[in-house]
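Participant: When you get a sec, could you give me coordinates for this:
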Amino acid sequence: MQPNFDLQSDTEALYVDGIGHIAQYHHYIDKLWSHGVIYFVRDYLFREIEARLEAGARPKSVRHLVDRLNTLNSKIRAHESEQCR
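Facilitator: Below you'll find the model as predicted:
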């Protein structure tokens, strides 16, 4: 999956194929959990790992990304288990 850097739009919301509409001028750093942004980050990271491996990258070269994904998944599990209490 190659990133498309030509995503800016004249409107506030922007359509990203495979994701849907996002507000391009808003920031979501304080809404990682309440707006599900953390799941977008997780899915993006997973797809990046997949794409690199499919393109012929050696597993060792994506190890740092796998470690980040594992850490993120641990944080998601902890957050979800806290929400279910």
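
Participant: show me the contacts for Leu32.
Facilitator: Ile38, Val41 (Cβ atoms under 8 Å, 6 or more residues apart in numbering). Every residue, glycine included, has its C-beta placed from N, CA and C.

Participant: Quick check, pLDDT for it.
Facilitator: Per-residue pLDDT puts Leu32 at 78.

Participant: Show me the shaky parts of this protein.
Facilitator: For the chain, the stretches with pLDDT under 70 are 1-11, 24-30.

Participant: need the strands for it, in chain order.
Facilitator: 13-16, 20-23 (DSSP state E).

Participant: Out of those strands, flag the one nearest Ile49.
Facilitator: Closest to Ile49 of those, according to Cβ to Cβ: strand 13-16, at 19.4 Å.

Participant: for the lengthiest helix in the chain, packing partners?
Facilitator: The longest helix of the chain (DSSP state H) is helix 63-83. Contacts defined by 3 or more Cβ pairs under 8 Å, 6 or more residues apart in numbering; DSSP states H and E place helix 63-83 against helix 37-54.

Participant: The helix it packs on to helix 63-83, inter-axis angle?
Facilitator: Per axes from the mean of the first three to the mean of the last three Cα atoms, to 10 degrees, the angle that helix 37-54 makes with helix 63-83 is 150 degrees.

Participant: mind listing what's buried in helix 37-54?
Facilitator: By neighbour count on 16 or more other Cβ atoms under 10 Å, the buried set for helix 37-54 is Val37, Ile38, Val41, Arg42, Leu45, Glu48, Ile49, Arg52.

Participant: Nothing else from me, thank you.
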